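J.: Structure for the following, please:
(chains A and B)
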Protein chains: 2
Amino acid sequence: MITELISVGTEILLGNIVNTNSAYLSEKCALLGLSVYYQDVVGDNEGRMRDVIRTALDRSDVVILTGGLGPTEDDITKEVTADLMGMPLKEDSHSRKLIDKYLKEYEKNNPQRRITKNNYKQAMVPEGAIVLDNHNGTAPGLILEKKGKTAILLPGPPNELKPMFEEYVVPYLQKNQPEIIVSQMVKISGIGESQVAEEIQDLIESQTNPTIAPYAKTGEVHLRVTASAENEKACRKLIKPVVKELKKRFGENVFATDESKTLEEAVIDLLKEKDLKLSLAESLTGGMIAQRIVNVSGASEVFGYGFVTYSNKAKHKCLGVKKRTLKEQGAVSAKCAREMAKGACKASGADISISVTGLAGPGGGTKETPVGTVFMGCCYKGKAIAKEFHFTGNRMRIREQTTAHALAMLRDCIIMSR
Amino acid sequence: MITELISVGTEILLGNIVNTNSAYLSEKCALLGLSVYYQDVVGDNEGRMRDVIRTALDRSDVVILTGGLGPTEDDITKEVTADLMGMPLKEDSHSRKLIDKYLKEYEKNNPQRRITKNNYKQAMVPEGAIVLDNHNGTAPGLILEKKGKTAILLPGPPNELKPMFEEYVVPYLQKNQPEIIVSQMVKISGIGESQVAEEIQDLIESQTNPTIAPYAKTGEVHLRVTASAENEKACRKLIKPVVKELKKRFGENVFATDESKTLEEAVIDLLKEKDLKLSLAESLTGGMIAQRIVNVSGASEVFGYGFVTYSNKAKHKCLGVKKRTLKEQGAVSAKCAREMAKGACKASGADISISVTGLAGPGGGTKETPVGTVFMGCCYKGKAIAKEFHFTGNRMRIREQTTAHALAMLRDCIIMSR
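T.: Next up, the predicted model:
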């Protein structure tokens, strides 16, 4: 089915926000087997919005609109779409109740805010539309069907849009597809994109169902294996041998075969499995590694201490890096990385640690130690190793790559530990 | 002038990449005084692309296309646009020379890659078009003018698009504008969006030139003051009294009047100015605050130590939080936040510190301490204060808001210190 995404929002046209909703919806639609041929952005102007929606309903089967469902006079997505589809608005008592409930809750937590009459505008729905409850805001979602065309209206804020899409829209769209699409992600760390691509070129070229699509992420490569068949079981059956083959080819570098699992989650799982306590010692990343570890709910079971030792003094005082090391080898050295890692274990009583020290720039580079030079250390049971890396890009890119590679190195160290 | 942006790219329609080019171009166009009324995304399909470009040339004065200028058969943006505008293609010898030069350089650095004949397709340009040199790739940019309509074709990769836009397209568009547009940002922390909006409602309603537009960011509110006049000096003259008025109304809550200055930079500047050394003690944020401080190149002058004390043990061992406090008040308490802040100063010898401890969820909430409860402490010269916050959203949102508010609180503390 030909699908079109329309984002309504002046803030997108002004460049104040990036249109991440369309990227999210496009990816989801592709997974559902819908062909997104067009994305459009239009403002809250009635004439222009009307033209864009009319064109979309002409050329596409499914039109998904986001934004412009708010309580103000400017918000007219629902009004314009309902009018174009010939479905007059009337109040939906269920939606009105939900809005009341949500606003009362909100008022309790935010005593300075008050309910305005405007909010009840959001309870007006096109006659015959399917109403999608909004558990995270006041604007209900809507599905309008007429003459073989479907318009799906969703609220703009991602924290309202995404749960609503997953809960209601995905099952609705799946129901209308002759074949279903199932995909599984194989996530790889420690190998670059080009090497991954080379090692599976034969698979990519020979496969049609399932297909394999690689996505390069910072420090990770994700392979999406996608099959289409009459039901989920048949899809899974097609996917299984391909995932098995990928796991065979990439071995321990595969850290997840689950869409939602992150590298930090894989690390935490391994630490729990091996009953190891982690500590971190960060210089140039300044807390980015710890931050990602703490992303994982329940990280506290295995992670208690992180040291951000940005100055040489801190490296010496908190982690016991020798003054001589700092003087002779410098802070950006393998020796310093090893001593940092050892010190992190010692100061915290952890079993395993990762340290990073390097030069994120933009200044400070020399011929011997150019910007982007990073040393990482790993300590396990008193033994420490170090590894040298050279990253490119600006300060932020270098720090992000360092973080991703530190997590990958940590994972390798945990796997090798015994 | 009515402006439309068309991004050509299947990878955007599949959701593999987020359309950051359109956000970039929209912001730039707004600054140039161009009204972006539409953004579209279309794939490499000739029929659909032709329809989208034809519609754009009908309804808009300036159409900026990005992507689809590559060397392969799939890349047809130039061919379709030139055909629609009736400007046949012919080889441009200057572009061919530049392509040769670029590729020879590239081959030298990447011996495994070879020049293909395809690349010379990129030297074909519509007759009468303005050719924009590409210093970062092989596809030249193009400006096509016909019958009062302008099509601007730019390469898709941001590292090619952005320098080309700044160098050639900005001056070209400026030349065609009767007035120029200049804007200045006033950045505010410590006050919420609705309060800011309320306090300047009279200004927003009464101003037409300059205009004031508020943008809500996590923990910050940005006000863009935009004036149009015949030259930059006249614009600045219009902007000046408005910025002065905003500074008067928001006082010390204004942390920057410079587009590029971040809250962490403002904090570092203040620390340098007052010659204070900073230390951080983080629990739920797990390094996010330190991470932002280290974003700033040169942070090492004022920041040496950060403690990620995620476990109670770490809070006690690294920061000297009393066991009794942890037992009686718990880790999520004002007392613990104060002791963490004091401990961070003591352990590092810093002059000032910020601590955060709270419940990011999703689990662990109680009636007394619901998820989102956060205590922040600030210690200066041995004296510590604490403040309670309640944030909403998921784990990541709560941690991001905590980080932003911690930086704002830190800034307040530095300002008040003497």
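
J.: The closest residue to chain B within the stretch 51-200 of chain A sits in which helix or strand?
T.: For the stretch 51-200 of chain A and chain B, the shortest gap (Cβ to the nearest Cβ) falls at residue A:159, measuring 6.7 Å. In short, each C-beta sits where N, CA and C put it, glycine included. Per DSSP states H and E: residue A:159 is located in helix A:158-164.

J.: now the strands for the stretch 101-250 of chain A?
T.: In the stretch 101-250 of chain A, the strands defined using DSSP state E, counting those that start in this stretch lie at A:124-126, A:130-132, A:141-146, A:149-154, A:180-189, A:211-217, A:220-229.

J.: Most tightly packed of those?
T.: Sort these by mean neighbour count, taking mean count of other Cβ atoms under 10 Å in any protein chain shown, and strand A:149-154 sits at the top with a mean of 24.

J.: what mean pLDDT does that strand have?
T.: In this model, strand A:149-154 has an average pLDDT of 98.

J.: hmm, back to that, mind listing what's buried in the helix holding residue A:159?
T.: With burial defined by 16 or more other Cβ atoms under 10 Å in any protein chain shown, the residues of helix A:158-164 counted as buried are A:160, A:161, A:162, A:164.

J.: pretty sure residue A:377 contacts residue A:341?
T.: Yes - counting by Cβ atoms under 8 Å, residue A:377 touches residue A:341, with 3.5 Å between them.

J.: any shared contact partners between the two?
T.: A:281, A:353, A:354, A:355, A:384, A:386 (Cβ atoms under 8 Å, 6 or more residues apart in numbering or on different chains).

J.: tell me which parts of the stretch 251-400 of chain A are close to chain B?
T.: By Cβ under 8 Å from any Cβ of the partner chain, the residues of the stretch 251-400 of chain A that approach chain B are A:280, A:282, A:284-291, A:293-295, A:297-300, A:303-311, A:313-314, A:317-318, A:347-348, A:360-363, A:395-396, A:399.

J.: hmm, back to that, next, format the strands of the stretch 101-250 of chain A as JSON lines and append distance to chain B.
T.: Formatted as JSON lines, those follow (distance: least, Cβ to the nearest Cβ, whole Å):
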{"stretch": "strand A:124-126", "distance to chain B": "25"}
{"stretch": "strand A:130-132", "distance to chain B": "20"}
{"stretch": "strand A:141-146", "distance to chain B": "20"}
{"stretch": "strand A:149-154", "distance to chain B": "15"}
{"stretch": "strand A:180-189", "distance to chain B": "12"}
{"stretch": "strand A:211-217", "distance to chain B": "6"}
{"stretch": "strand A:220-229", "distance to chain B": "10"}
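
J.: Including distance to residue B:251, could the ones you listed go into JSON lines?
T.: Listed next are the strands of the stretch 101-250 of chain A as JSON lines, based on distance: least, Cβ to Cβ, whole Å:
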{"stretch": "strand A:124-126", "distance to residue B:251": "43"}
{"stretch": "strand A:130-132", "distance to residue B:251": "44"}
{"stretch": "strand A:141-146", "distance to residue B:251": "42"}
{"stretch": "strand A:149-154", "distance to residue B:251": "40"}
{"stretch": "strand A:180-189", "distance to residue B:251": "48"}
{"stretch": "strand A:211-217", "distance to residue B:251": "43"}
{"stretch": "strand A:220-229", "distance to residue B:251": "46"}
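
J.: out of those strands, which comes closest to residue A:248?
T.: Nearest of the strands of the stretch 101-250 of chain A to residue A:248, taken as Cβ to Cβ: strand A:180-189 at 11.2 Å.

J.: For the closest one, which helices and strands make contact with it?
T.: With contacts taken as 3 or more Cβ pairs under 8 Å, 6 or more residues apart in numbering or on different chains; DSSP states H and E, strand A:180-189 sits against strand A:220-229, helix A:232-250, strand A:254-256, helix A:395-416.

J.: Show the pLDDT at the spatially closest residue to the residue of the stretch 51-200 of chain A closest to chain B that is not a sequence neighbour.
T.: Computed as Cβ to Cβ, 6 or more residues apart in numbering or on different chains, the closest residue to residue A:159 that is not its neighbour in sequence is residue A:136, at 5.5 Å. As predicted, residue A:136 sits at a pLDDT of 82.

J.: who are the neighbours in contact with residue A:136?
T.: By Cβ under 8 Å, 6+ apart, the residues touching residue A:136 are A:157, A:159, A:160, A:163, A:164.

J.: Just give me the neighbour total for the first one.
T.: The local packing of residue A:157 (other Cβ atoms under 10 Å in any protein chain shown) involves 17 other residues.

J.: And residue A:258, by the same measure?
T.: Using other Cβ under 10 Å, residue A:258 is surrounded by 13 other residues.

J.: Over to it. Which of the three states is it?
T.: Following DSSP: H, G, I helix; E, B strand; the rest coil, residue A:258 is assigned to coil.

J.: residues touching the nearest residue to it once chain neighbours are set aside, list them.
T.: Computed as Cβ to Cβ, 6+ apart, the closest residue to residue A:258 that is not its neighbour in sequence is residue A:185, at 6.9 Å. The contact partners of residue A:185, taken as Cβ under 8 Å, 6+ apart, are A:222, A:223, A:224, A:225, A:256, A:257, A:258, A:259.

J.: same thing but at 6 Å, please
T.: The contact partners of residue A:185, taken as Cβ atoms under 6 Å, 6 or more residues apart in numbering or on different chains, are A:222, A:224, A:259.

J.: Then residue A:14?
T.: Shown in contact with residue A:14 (Cβ under 6 Å, 6+ apart): B:26, B:30.

J.: phi, psi of it?
T.: Main-chain dihedrals, residue A:14, degrees, to the nearest 10: phi -90, psi -10.

J.: distance of it from residue A:376?
T.: Distance of residue A:14 to residue A:376, computed by Cβ to Cβ, to the nearest Å: 42 Å.

J.: next one: residue A:195
T.: Noted for residue A:195: a distance of 20 Å to residue A:376, by Cβ to Cβ.

J.: Which one of these two is surrounded by more residues?
T.: residue A:376 (27 against 11).

J.: My reading is that residue A:356 is in a helix; is that accurate?
T.: No - per three-state DSSP, residue A:356 lies outside any helix segment and is strand.

J.: In contact with it, which residues?
T.: Applying Cβ under 6 Å, 6+ apart, the residues near residue A:356 are A:282, A:285, A:376, A:402, A:406.

J.: Could you give the bridge partners of it?
T.: Under DSSP bridges, the beta-bridge partners of residue A:356 are residue A:282, residue A:376.

J.: Determine which residue of chain A is most distant from the centre point.
T.: Distance from the C-alpha centroid of chain A, by Cα atoms, centre = their mean, peaks at residue A:324 (43.1 Å).

J.: Lovely, talk soon.
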